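> A structural model of the following input is requested.
(one chain, ligands or ions: 1)
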Amino acid sequence: MRKLGYQLWLSMFTASLPAITLAAAAETSLQNLTGQDAPAGAVWLDTFDLSPVETGWGSVGAGKSAEGKPMSVGKQSFAHGLGTHADSVAGVDLKKTATRFVAAVGVDDETDKRGSVVFQVWVDKVKKADSGLLKGGDAPKLLSVDLTGADMLTLVVTDGGDGNASDHADWAGAAVFATGSSVKVVPGNFGLPNIMPEIASGDPAKTSINGPRIVGTTPGKPFIFLVPATGAGLTKFSAKKLPPGLKMDSVTGIITGAVEQPGTYEVTLAVKGKSGSASRKLVIEAGDHKLARTPPMGWNSWNCWAGAIDDAKVRAAADAMVKCGLAAHGYQYINIDDCWEKGRDASGEIVSNEKFPDMQGLADYVHSKGLRLGIYSSPGPQTCASFTGSYQHEAQDAKTYAKWGIDYLKYDWCSYGSVAGNNPGLDGLKKPYHIMDKALDNCGRDIVYSLCQYGMGNVWEWGAEVGGNCWRTTGDITDNWGSLSGIGFGQNGHEKFAGPGHWNDPDMLIVGRVGWGPNLHPTKLKYVEQVTHITLWSLLSAPLLIGCDMSNMDKFTIDLLTNDEVLDVNQDPLGKPAGRVADRNGIQVWRRPLQDGTTAVGMFNTGPEAADGTVQWVDIGVHGKQPVRDLWVQQELGGFDGQYTVTIPAHGAVLLKIGRPSGQ
Ligand code: GLA
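Next up is the predicted model:
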C-alpha cells in the first residue's frame, strides 16, 4: 500500500513537474526496482523488443535469467530486468528524451556462486558507471546514471578478466526514465560502421604448397593426406623420400597407405603448374599417439546446419571444400556433429538414421577427395540433441567408426551428468574420456580425439592426460561480439597446457553464413570482428573448424579463411600458442613465438572507438631495429626500433610477424 501511495504521489508530479521527477529518479532505491511496477516516470527495459541485445551465451531473458529462470541476485528476487551472459552489449536509442537509467546489477543466483563480471554503463561513448568486479553470490549493486540530453545508452558486461564461464549477468530492475515513447533497444555496437578491411586475396597466382608442415600417423594404420597446393593448372605432384608403405597419386596429390615403421620422415613434396613449380618439406611423424601435430583444420556441421544436417549436405561440404580452394590451403576434416544417430541394432551396434543411409559410402566419398571424415557422440546415454550416445558401448562404437572409415571424433559430455552425478570430482570428469581413449586406441584406425565438456574441471590441465587431441575450453560460441570476445580473450593463461598433439579448443568458427538449423544468415560479426576472430584463433593454435555453409561463401569469407601467412601462424610446427603480454587502454597485445625464431604478434582493439595500438619490444622480448610484416595484407612494413604503432578499428585486429628468421 505504502509503495502504491508513493508511486501515485510521484506520478501526479511526473506530468507537470519534470524537475521533481528527475530528483526522485536519482534517488531510486534498489527496493524500488524489485517489484512488478516500474518506478514512476520510468519504463522497464525488458518491455522493449530485446532481439538486438548481444549476449555471450543462450538468449537474453526478459525479466528472466540467462537460463530463463526467475531473476535473483544475492538472494534478492526481481520481477523485471535483462538476463544476459558475459560478454554482452545492448544499446538503447534515447533520442534525447530520457533523463536517467537505473538497474540493480549482479551475477544471477542460478550460477551457485560461480562467475564474475563487470557491468559498464556508457552514455554517448563515455563510460559513466562501472560496477567493479561482481562475483556470484554478491549482493546486487545499484547503478544510476544521468541521461539528460543523451542520444545513446550502451550497456556492457565484460567477463571480469577470467573468461566468461558461469557469467550470468543480470541488469535486474533495469529501467529508463523517459519523457517520450521513441526510446528503443538497438544493437549495442556503439554505432560501429561495418567497413570491410583490406586483406590479401587467398587465391595467389603463384604456385605454392600450403598447409601443415608436419603430420602424424600410427604405423600400420590407414593414412590419407591431400597435398594442399594453389596455383593455376596444377598438373603433377611428386614426393621424394616417402616412408615405405605410402604412395602419392601424381595427378590428385593425395598420399595414401599405411606407414610401415615408426620414425620421423622428411618428405620433399613438389608440384608443377602453369604458373611455375613449388616444393616444400613435409615431416611425417609415425609412432604411437602422434595425431594432430598441428591444430585440426576443417569444417563442422553444427554452426550452420545443426539438426538439419544430412548425407547430401556433408557431400556438398566436401565438394565445396575442394572447389572453393579451402582444401588447397590445408583444410581437410569434414566433421558431422550431432543428429546423425538412430539407435542400436540387436547386437548393440550404433545405427545411423535415415538422413545418413550409408556412412561407409559417405566416408569413401570424402576420402576420394583426399579429405577426412569426422563424427560426434557423447559418453552419456544420450547426446546433447537427445540422440543415442556411447554409454556402455564405447569399444563397440569405436570399432564401428573404424569400420566406416571415421577419422575424427567429437565426444560431448551432455547427458553423462546423469551417470556421473552432480559432483563427479576430477576423477569422475576424466573417467568417460579415459574409456573412449582406450577404445579409440584399440579400434584399428587413427581417429583424432576431440573432447567437448565446455571446460569443466579446468580440462586444459588434464585433457592431454586422457588422450585428448583437443578439448573445448568453453560453452558454445555464437555469432556476436560478446560471445567472440568473451570466449576468445578468455583463453589467456591456457596456452601453457597446449602443444603438438593436444590443443585448446575455444569452439568452431562463426564467419560466413551460419544459423544452427535449416535457415542460415550472414554472420552478425562486423568485418573487422571477423578479422579479430581468425587472428585470435590463429595465435591460440585453435582448431580451425569452419562453421558455415561452404557452398555459399562470399569472397571476403574465403579470403579470411585462406590467407596462408595467417594460417601458417595457426599451423606453426613449434606449437606454442599465444598468451596476452599487454593490455593498455583497451588494446590487447598477444605474443606467439614461431619456429623460425620470429614472433607473431596480435593487437586487438576491444574499445568502442578506433585507437592507436602499440607493441613495445619489451612486451615480446626483442631489441633494436626489427623488421615488421603485416600478415593480413602480406606486406613488409619496414624496420622499427623499440616499438611499432598502428591505428586499429574498434573491435579490430592486426597480425604482425616481427623479427628476422634465425640464421638470417
Ligand atoms: C553441445 C556442443 C555443441 C554441439 C551440440 C550438439 O552444445 O557444445 O558444439 O555439438 O552439443 O548437440
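> check contacts around the residue lying closest to Ala42 once chain neighbours are set aside.
For Ala42, ignoring the flanking residues on the chain, the nearest one in space by C-beta to C-beta, 6 or more residues apart in numbering is Ala175 at 4.0 Å. Bear in mind the C-beta positions are built from the backbone N, C-alpha and C, glycine included. Residues near Ala175 by C-beta atoms under 8 Å, 6 or more residues apart in numbering: 28, 33, 38-39, 42-45, 80, 101-103.
> try Trp481
54, 87, 89, 189, 525-526, 529, 651.
> state the distance from it to Gly468.
Look at Trp481 and Gly468: by C-beta to C-beta, to the nearest Å, they are 29 Å apart.
> confidence score at Tyr6?
At Tyr6, the pLDDT value in this model is 30.
> so of the contacts of Ala175, which ones are in strands?
Counted as lying in strands by DSSP state E, out of the contacts of Ala175, are 42-44, 101-103.
> how does this protein divide into domains?
6-186, 208-286, 297-570, 579-658 (automatic domain parsing).
> for those domains, give me JSON lines that also has distance to the ligand.
Converted to JSON lines, the domains of the chain look like this (distance: least, C-beta to the nearest ligand atom, whole Å):
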{"stretch": "domain 6-186", "distance to the ligand": "11"}
{"stretch": "domain 208-286", "distance to the ligand": "24"}
{"stretch": "domain 297-570", "distance to the ligand": "3"}
{"stretch": "domain 579-658", "distance to the ligand": "24"}
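> closest to Met196 out of these?
domain 297-570 (4.6 Å; C-beta to C-beta).
> can you pull out the strands in the stretch 501-650 of the chain?
503-505, 513-514, 521-522, 544-546, 579-584, 587-593, 599-605, 611-616, 625-630, 635-641, 643-648 (DSSP state E, counting those that start in this stretch).
> distance between the fifth one and the chain's centre?
Averaging C-alpha coordinates over strand 579-584 and over its chain gives two centres that are 19 Å apart (C-alpha atoms, centre = their mean, to the nearest Å).
> do the third one as well
Centroid displacement of strand 521-522 relative to its chain, using C-alpha atoms, centre = their mean, is 17 Å.
> now do the first one
In terms of C-alpha atoms, centre = their mean, the gap separating the centre of strand 503-505 from the centre of its chain is 11 Å.
> counting contacts, what elements does that strand pack onto?
The elements that strand 503-505 packs onto, with contact taken as 3 or more C-beta pairs under 8 Å, 6 or more residues apart in numbering; DSSP states H and E, are strand 448-452, strand 470-472.
> can you tell me which helix in this structure is longest?
Counting residues, the longest helix found in the chain (DSSP state H) is helix 425-441.
> residues of it that come out buried?
The neighbour-count check on helix 425-441 (16 or more other C-beta atoms under 10 Å) flags 429-433, 435-437, 439-440 as buried.
> which residues touch stretch 488-497?
Counting by C-beta under 8 Å, 6+ apart, 159, 162-165, 460-461, 463-464, 473-474, 504, 506, 532-533, 536-537, 540, 542, 576-580, 588, 590, 604, 606 sit against stretch 488-497.
> now do that stretch, average pLDDT.
96.
> break down the stretch 201-350 of the chain into its helices, ranges please.
Taking DSSP state H, counting those that start in this stretch, the helices of the stretch 201-350 of the chain run over residues 311-323.
> now the contacts of stretch 488-497: which count as buried?
159, 163-165, 460, 463-464, 473-474, 504, 506, 532-533, 536-537, 540, 542, 576-580, 588, 590, 604, 606.
> which residues does His329 contact?
His329 touches 202, 210-211, 228, 230, 561-562, 564, 567, counting by C-beta under 8 Å, 6+ apart.
> over to Arg660?
597-598, 626-627.
> now it: how far from Ser208?
If you go by C-beta to C-beta, the gap between Arg660 and Ser208 works out to 22 Å.
> state the number of residues packed around the nearest residue to Leu520 once chain neighbours are set aside.
In space, Leu520 comes closest to Arg513 once its chain neighbours are excluded; the distance is 4.2 Å by C-beta to C-beta, 6+ apart. Residues lying near Arg513 (other C-beta atoms under 10 Å) number 21.
> quick check: Arg513 vs Ala328, distance?
21 Å.
> likewise for Leu371?
12 Å.
> need the residues touching each of those two.
In contact with both Leu371 and Ala328: Val322, using C-beta under 8 Å, 6+ apart.
> on that earlier part again, which pair in the contacts of Trp481 spans the largest distance?
Asp87 and Lys526, at 14.8 Å, using C-beta to C-beta across the contacts of Trp481.
> the more surrounded of these two?
When Asp87 and Lys526 are compared on other C-beta under 10 Å, the one with more neighbours turns out to be Asp87, at 29 against 21.
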